[in-house]
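**Student:** predicted coordinates and the sequence they were generated for:
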Amino acid sequence: MTIEVIGALAVLAGFWGLWRGPVAAFWVLALSTLLGAAAAFKLPALGDASVPPALVLTGFFALSVVLRTRMRVAAIESLTTPGPGFWILFFSVYAVVSAYFMPRLFQGLTYAYSLARNDAGIGIVSLPLRPRASNATQAAYLVANLVCFMGVWALMVRGEAKAITNALLASAAALLFFAVADVVTHYTGTAFLLSWLRNANYRMLEAGEIGGLKRIVGTFTEAGAYSYAALGLYAFSLSLWLDGFSTRLTGALSLLLAISLLLSTSTTAYGSFAIFTVLMLFGALLKLGRCQATKRDCGYLAIVSLIPVLLLAVVMFMPSVWSALTDLFDATVSNKLASQSGIERMRWNHHALQSFQDTSGFGAGLGSVRSSSFVVALLANLGVLGLILFVVTLASAFSTSRLVSFEDVVARAGFRACIALTGAACISAAGVDLGLVFAIFFALAASRWKLRARVAPEQAESSALVGAHHFKLQGAQ
């Protein structure tokens, strides 16, 4: 194992969070999720695999929770049946078990695209199915996601919703800062200033341009990875704004994140942004039809409705700008499947579905097959049962109950972020792991189940007291 400079800094930050407590540890963890192209350690024994700083800091965050009795008890309670925690545990255990057994059970029966490292470098090639290092690394990532989920749940139910929200909003601001830095350093020829944050053994696509626009990657490996993180934070910030929390801050962040997504030149960003916008519009219209819409709901409807008018104005008064926009749309959306990248990704999906068929619907095991869609990755790696378990897990965090507290507002924002991230993953995710960002947002959404269970007895007790008081008044009369 070799330690990098950023790895030493991550360890120091981890010990600081351990000393200050779970809230500080979560702040460090949340910020570290932005370092998608960084490696804290490298493991030659596992094909020189890179260990991201966020994975290291997840361990420190978990330790900070374990060292405090009440937090530890709350973390364990997060897995209580029949709550969302139980289902994410079930899904994770099944996935990790499949990573060991399925590649051995179906060894040699199918071919799969996998990440291969050799003297010529790193590449994605089609190889006969067998146990690989990716099975172990993907299992480790999924376990880290589960641990992160438990820790964030514990913070939520112990009354730290405000601290979690502040950390995530700070992460959104940091993401925007690095996006600007990425663009500025590219056009000024000083991209080397960010090279120390791009030291992982991943394929780096930080210098690409489409239609004369720099592809925004920030501190990630490519534009799609940046847009995935930006979309989750955008959905979270927008939901908070719609529900009236720190409207100036959350409104500004959601607007800037939306602009960065539109300028990212990422097909994933455009597709997932459109899907999420349609869902949010449907929700706002539903509230408007029920006469429950707030001023911000109406404002959101008005802003989105103005987009066609603005496009029409661009066509009429700035034809050159419209031409540039159409060229960008053709390059990133219309002709994407005909590009080398699109053809390659469709080939991954084709082979992944073939692996699903060759394994009789059981899947080749977590980390065995690389694809270009989360749904295809679930089927190819975990089979039909894995897909069903994920759908049940996500659905278990859905709630239609009325917002009665700030925790409810944060939980709903977390669920909306999960929906946005799932949509993005369905467009371009290469594997089953949705990342620590998804685990954090899912913990926020899932905590509402515990909060409702806590409020129900209090409401029942309050109703009983009111009923008893009414009975006494009738007796006196």
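**Tutor:** Nice, I can see it.
**Student:** how about the strands in the protein?
**Tutor:** Here the chain has its strands, by DSSP state E, at 2-3, 41-43, 49-51, 111-118, 121-128, 209-210, 213-214.
**Student:** which regions of this structure sit below the pLDDT cut-off?
**Tutor:** 44-48, 114-124, 211, 311, 314-342, 451-477 (pLDDT under 70).
**Student:** let me see the contact set for Leu387.
**Tutor:** Val375, Leu378, Leu379 (Cβ atoms under 8 Å, 6 or more residues apart in numbering). Any C-beta I mention is one placed from the backbone N, CA and C, and that applies to glycine too.
**Student:** most neighbours, which of these?
**Tutor:** The residue in the contacts of Leu387 with the most neighbours, by other Cβ atoms under 10 Å, is Leu378 (29 neighbours).
**Student:** was I right to think that one contacts Phe390?
**Tutor:** Yes - the pair Leu378 / Phe390 is scored as a contact, 6.0 Å apart, by Cβ atoms under 8 Å.
**Student:** what touches both of the two?
**Tutor:** Joint contacts of Leu378 and Phe390 (Cβ under 8 Å, 6+ apart) do not exist.
**Student:** how much space separates Arg416 from Pro308?
**Tutor:** 24 Å (Cβ to Cβ, to the nearest Å).
**Student:** the more surrounded of those two?
**Tutor:** Between Arg416 and Pro308, counted using other Cβ under 10 Å, the more crowded position is Arg416 (24 against 9).
**Student:** how close does that one sit to Ala274?
**Tutor:** Distance from Arg416 to Ala274, by Cβ to Cβ: 15 Å.
**Student:** same check on Leu18?
**Tutor:** 42 Å.
**Student:** who's more crowded, those two?
**Tutor:** The neighbour count for Leu18 versus Ala274, taken as other Cβ under 10 Å, is higher for Leu18 (18 against 12).
**Student:** tell me who's in contact with the more buried one.
**Tutor:** Ala25, Phe60, Leu63, Ser64, Leu67 are the contacts of Leu18 under Cβ under 8 Å, 6+ apart.
**Student:** now those residues as a markdown table including neighbour count and distance to Ala424?
**Tutor:** Formatted as a markdown table, the contacts of Leu18 follow (neighbours: other Cβ atoms under 10 Å; distance: Cβ to Cβ, whole Å):
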| residue | neighbour count | distance to Ala424 |
| --- | --- | --- |
| Ala25 | 28 | 27 |
| Phe60 | 21 | 28 |
| Leu63 | 16 | 31 |
| Ser64 | 24 | 30 |
| Leu67 | 12 | 35 |
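**Student:** show me those residues that map onto helices.
**Tutor:** Ala25, Phe60, Leu63, Ser64 (DSSP state H).
**Student:** max pairwise distance over those residues: which two?
**Tutor:** Ala25 and Leu63 (8.1 Å; Cβ to Cβ).
**Student:** contacting residues for the closest residue in space to Met156 that isn't next to it in sequence?
**Tutor:** In this structure, Met156 finds its nearest non-sequential neighbour in Ser447, 3.8 Å apart by Cβ to Cβ, 6 or more residues apart in numbering. Neighbouring residues of Ser447 by Cβ under 8 Å, 6+ apart: Val152, Trp153, Met156, Val157, Glu407, Ala411, Gly414.
**Student:** of those, closest to Ala352?
**Tutor:** Gly414 (29.5 Å).
**Student:** and the gap between the residue nearest to that closest one when sequence neighbours are not counted and Cys291?
**Tutor:** Excluding the flanking residues, the one nearest Gly414 by Cβ to Cβ, 6+ apart is Leu444, at 2.8 Å. Distance from Leu444 to Cys291, counting by Cβ to Cβ: 29 Å.
**Student:** so which of those two has more stuff around it?
**Tutor:** The residue with more neighbours, out of Leu444 and Cys291, is Leu444; 28 against 6, by other Cβ under 10 Å.
**Student:** identify the residues contacting the more buried one.
**Tutor:** With Cβ under 8 Å, 6+ apart, Leu444 has these contacts: Val152, Met156, Ile164, Val410, Ala411, Ala413, Gly414, Phe415, Ala417.
**Student:** what do you get for Phe91?
**Tutor:** With Cβ under 8 Å, 6+ apart, Phe91 has these contacts: Gly386, Leu389, Phe390, Thr393.
**Student:** look up how far Phe415 lies from the nearest residue to the second one once chain neighbours are set aside.
**Tutor:** Which is Leu389. Closest residue in space to Leu389, ignoring its immediate chain neighbours: Phe91 at 4.4 Å, by Cβ to Cβ, 6+ apart. Distance of Phe91 to Phe415, computed by Cβ to Cβ: 17 Å.
**Student:** quick one: Gly271 from Gly212, how far?
**Tutor:** 22 Å.
**Student:** and these two? which has more neighbours close in?
**Tutor:** Neighbour totals were compared for Gly271 and Gly212, and Gly271 leads with 19 against 9 (other Cβ under 10 Å).
**Student:** burial of the closest residue to the more buried one other than its chain neighbours, as a residue count?
**Tutor:** Once flanking residues are discounted, Gly271 sits nearest to Ile427: 4.8 Å by Cβ to Cβ, 6+ apart. Residues lying near Ile427 (other Cβ under 10 Å) number 21.
**Student:** again with Phe282
**Tutor:** 10.
**Student:** for Ala112, same thing?
**Tutor:** The burial count for Ala112: 29, using other Cβ under 10 Å.
**Student:** residues touching the closest residue to it other than its chain neighbours, list them.
**Tutor:** Leaving out its chain neighbours, the residue that sits closest to Ala112 by Cβ to Cβ, 6+ apart is Val369, at 4.3 Å. By Cβ under 8 Å, 6+ apart, the residues touching Val369 are Ala112, Tyr113, Ser114, His351, Ala352, Ser355, Gly363, Ala377, Ala380, Asn381.
**Student:** and of those, the nearest to Pro128?
**Tutor:** Ala112 (8.1 Å).
**Student:** shouldn't the closest one be in contact with Phe356?
**Tutor:** No - the pair Ala112 / Phe356 is not scored as a contact, 10.3 Å apart, by Cβ under 8 Å.
**Student:** shared neighbours, these two?
**Tutor:** Ala364, Ala380.
**Student:** from Ser405, how far off is the residue nearest to Ala54 when sequence neighbours are not counted?
**Tutor:** Sequence neighbours aside, Ser32 is the residue nearest to Ala54 in space, at 4.3 Å (criterion: Cβ to Cβ, 6+ apart). For Ser32, the distance to Ser405 equals 29 Å [Cβ to Cβ].
**Student:** the more surrounded of these two?
**Tutor:** Ser32 (27 against 12).
**Student:** ok, that one to Leu9 distance?
**Tutor:** 10 Å.
**Student:** for these two, list the residues in contact with both.
**Tutor:** Pro53.
**Student:** now restrict the contacts of Phe91 to buried residues only.
**Tutor:** Gly386, Leu389, Phe390, Thr393 (16 or more other Cβ atoms under 10 Å).
**Student:** my read is that the first one contacts Leu378, right?
**Tutor:** Yes - Gly386 is within contact range of Leu378, at 5.1 Å (criterion: Cβ under 8 Å).
**Student:** which parts of the stretch 251-400 of the chain are helices?
**Tutor:** 267-289, 295-317, 319-329, 340-358, 374-396 (DSSP state H, counting those that start in this stretch).
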